[in-house]
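> Everything below, folded, please.
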Amino acid sequence: MSILKPKAPTKTAAMSLRLPTELHQQLQALQADADRAGFVFDASDVCVKALAAAVKSARAELANAGAERAAHDRQQAAS
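Below you'll find the predicted structure:
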């Protein structure tokens, strides 16, 4: 997966996200460096992919927790 992408016009919407100050400064510096090199660091794309993976993992954890809870409840009912 390529992190740097060629510049291309895209339609975007604003999103608000709180980041540690140091990370924000690093992102700004990286975006400026990428811009000077003719690239765009698409933090939105990186965040979307990371959040999609986190949602998938959380769903799997919830499904597993639900199955464990159901097994526990059945065991309690049998006692």
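> Would you mind measuring from residue 40 to residue 23?
Using CB to CB, to the nearest Å, one obtains 18 Å as the distance from residue 40 to residue 23. Quick note: C-beta positions are derived from backbone N, CA and C, even for glycine.
> Compare these two and say which one has the larger neighbour count.
Ranked by neighbour count (other CB atoms under 10 Å), residue 40 and residue 23 place residue 40 first, with 16 against 9.
> Find the helix or strand that the more buried one is a member of.
Using DSSP states H and E, residue 40 sits within strand 39-41.
> what pLDDT, on average, does that strand get?
Averaged across strand 39-41, pLDDT comes to 94.
> contact partners of that strand?
3-8, 27, 30-31, 34 (CB atoms under 8 Å, 6 or more residues apart in numbering).
> Looking at neighbours, which among those residues is most surrounded?
residue 34 (17 neighbours).
> didn't that residue look like it was pressed against residue 2?
No - with contacts counted by CB atoms under 8 Å, residue 34 stays clear of residue 2, the gap being 11.8 Å.
> Show me where the protein dips below the pLDDT cut-off.
1, 10, 12-13, 15 (pLDDT under 70).
> can you give me the helices in it?
21-36, 43-78 (DSSP state H).
> Nearest approach to residue 14 belongs to which of the ones you listed?
helix 43-78 (10.2 Å; CB to CB).
> tell me the angle the closest one makes with helix 21-36.
140 degrees (axes from the mean of the first three to the mean of the last three CA atoms, to 10 degrees).
> Quick one: distance of helix 43-78 to the chain centre.
Distance, stretch centre to chain centre, for helix 43-78: 16 Å (CA atoms, centre = their mean, to the nearest Å).
> Understood, closing this out.
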